[in-house]
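Colleague: Let me see the structure of the following:
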Amino acid sequence: MSEKEEAATKQSFPRSFWTANVTELFERGAYYAMASFMVLYLGQLGLGNYWPSFLSSTVLWSLVYFLPILSGTIADHVGFKRSLLVAFVLLAIGYFLMGYPVWLGGHTLSKIVESEVSVGSDVVITVLIAILLIGMGGSVIKPCISGTVKKTSGLRATLAFGIFYMVINIGSLFGRGISYFTRKQFDLSYIFAVSVCFSIVAFFVVLFFYRDVEKEPGYAPPAQVEKKSQRSIGRILLDMFVVLKNPRFSLFLLVMSGFWFIYSQVYNVIPLYLKKVVELDPAVDVITMANPFVIVFFQLLITKMFGKLKPIVSIIIGGLIISLSMIVNIVPIFLTEGIRSGTFIKILPMGSLFAVFTVAMIAFGELFAAARQFEYIGALSPKGQEGLFLGYANLPMAIGSFFGGFGGAYIFNDIMCKGATKMPNGLLELNPKWNALGWFILMSIGLVSAFFLVLYNRWLRNNPA
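Modeller: Numbers count the residues shown, from 1 in each chain. Okay, the predicted model is just below:
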């Protein structure tokens, strides 16, 4: 390492790096304050069996993962600071509109999730507008914050993104924790009040403390910079056509989307299962905390122990773990005590306990697969087009979320709940065979994806570019 490089690594990160991370902490806190309960809130609001899953996963998650392809270029044109300010205005309005039907619209939340739609088009339209605003706002945050981290990391990209990833998970824990106490003190709709407050705080952090990287004292752009700001929306769509017509990349997107289909069920099938089958007031926010806890406490260990694995091997291992996480939920079905029996000193029902195991296993799978997916795409991309193809690396998440919404709702409502009877307290008594079949199907989707990924990698070796 030269003296110049060594000096660069010892320099502290500029202000924009730290304010970007603080902003990300509040944005993630806002998102995860409501994410675990989104599908249940919509169900209790009266949107029936399918609208909640469609809106929360097929619409919202797909927007959050797909729109950065477009919003990142827009942010390059107008500047990150302006883009972030607009984004947090959109988020605050969106979160407010989510709570509006209960706060000001005269609607009340049902204690259980009914199967039929019981609200008018006014509520559906309000919620849809809210989700579109949240999706658009969230899609702007991603490229702005990660772009700031990248521009300010210099020769310490590994450390910079390690800090960034840690902040994401701290924000996730923070948001879920505040959300838990808020909904217990008031009602479920107030998780969106938490999200509104976090978005407003983030807005003022950006307004008073954040500055565009180009305005940092002594900032010097790299010698060769990809001119993203010159890319028009038309150019982006043309680039997308170039990427998707590449059969190697398109096949990889389809195969990987199966894993993200399973991942999306953490915020779709699992909350529905807990609410409609296991307990009337499930602590979904606390249960899903297993994801950031695992990532925070095991990320360095997994990287150290398995970081030398080939990317494809690591991705397949992660996919297998994600797949098997679903099948553990059949264990309480056939236990003598049953799904709703108490464990941990009668505090946590068996079904909820195994849901924690599921979320934790998915987090372990994510540690193996998520980061290595980008590395694999970089190696898969045509020479000289690595940056272009990596720009579309989130498409498997978008595809998996898109199909995961109504796909997960179908598996839960039409397979798991087939032949179910409603008990006096409102919970469903499921047929054990149909219940187990639903979890088996979810596991199988992941296993099939892993199998096809093995075949795909073998095909690549036999057909080099």
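Colleague: quick one: the strands in this protein?
Modeller: Per DSSP state E, the chain carries strands over the ranges 342-343, 348-349, 421-422, 428-429.
Colleague: what's the average pLDDT for the first one?
Modeller: Meaning strand 342-343. Mean per-residue pLDDT for strand 342-343: 70.
Colleague: Likewise for the last one?
Modeller: Per-residue pLDDT values across strand 428-429 average out to 94.
Colleague: Mean neighbour count, the strands of the chain: which tops it?
Modeller: strand 348-349 (a mean of 22; mean count of other Cβ atoms under 10 Å). In this view, the C-beta of every residue, glycine as well, is placed from N, C-alpha and C.
Colleague: next one: that one to chain centre, how far?
Modeller: 26 Å (Cα atoms, centre = their mean, to the nearest Å).
Colleague: partners of it in the sheet?
Modeller: strand 342-343 (antiparallel) (DSSP bridges).
Colleague: my guess is Phe293 contacts Leu173, does it?
Modeller: Yes. At 7.3 Å, Phe293 counts as touching Leu173 under the criterion of Cβ atoms under 8 Å.
Colleague: picking up where we left off before, the strands of the chain into JSON lines, with extra columns for distance to Trp51?
Modeller: Output for the strands of the chain, formatted as JSON lines (distance: least, Cβ to Cβ, whole Å):
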{"stretch": "strand 342-343", "distance to Trp51": "33"}
{"stretch": "strand 348-349", "distance to Trp51": "27"}
{"stretch": "strand 421-422", "distance to Trp51": "20"}
{"stretch": "strand 428-429", "distance to Trp51": "19"}
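Colleague: Out of these, flag the one nearest Thr108.
Modeller: Of all the strands of the chain, strand 421-422 sits nearest to Thr108, with 20.6 Å by Cβ to Cβ.
Colleague: So for His107, what pLDDT did the model give?
Modeller: pLDDT at His107 comes out at 93.
Colleague: do Ile233 as well
Modeller: For Ile233, the model assigns a pLDDT of 63.
Colleague: What sits closest to Val123 if chain neighbours are left out?
Modeller: Once flanking residues are discounted, Val123 sits nearest to Pro101: 5.0 Å by Cβ to Cβ, 6 or more residues apart in numbering.
Colleague: Which of the strands of the chain sits closest to Ala360?
Modeller: strand 348-349 (13.9 Å).
Colleague: What average pLDDT does the closest one get?
Modeller: For strand 348-349, the mean confidence score works out to 84.
Colleague: And for stretch 319-335?
Modeller: 93.
Colleague: Only alpha carbons, please: show it as PDB.
Modeller: Output in PDB follows, covering the C-alpha atoms of stretch 319-335 (Å, rounded to 0.1, in the frame of the first residue of the first chain):
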ATOM      1  CA  GLY A 319     -31.300 -21.100  -0.300                       C
ATOM      2  CA  LEU A 320     -31.400 -24.500   1.400                       C
ATOM      3  CA  ILE A 321     -31.500 -23.000   4.800                       C
ATOM      4  CA  ILE A 322     -34.300 -20.600   3.800                       C
ATOM      5  CA  SER A 323     -36.300 -23.500   2.300                       C
ATOM      6  CA  LEU A 324     -35.900 -25.700   5.400                       C
ATOM      7  CA  SER A 325     -37.000 -22.800   7.600                       C
ATOM      8  CA  MET A 326     -40.600 -23.400   6.400                       C
ATOM      9  CA  ILE A 327     -40.800 -27.000   7.300                       C
ATOM     10  CA  VAL A 328     -40.000 -26.600  11.000                       C
ATOM     11  CA  ASN A 329     -43.500 -25.200  11.400                       C
ATOM     12  CA  ILE A 330     -45.000 -28.700  11.000                       C
ATOM     13  CA  VAL A 331     -43.400 -29.800  14.300                       C
ATOM     14  CA  PRO A 332     -46.000 -28.200  16.600                       C
ATOM     15  CA  ILE A 333     -48.800 -29.500  14.400                       C
ATOM     16  CA  PHE A 334     -48.100 -33.100  15.400                       C
ATOM     17  CA  LEU A 335     -47.000 -32.500  19.000                       C
END
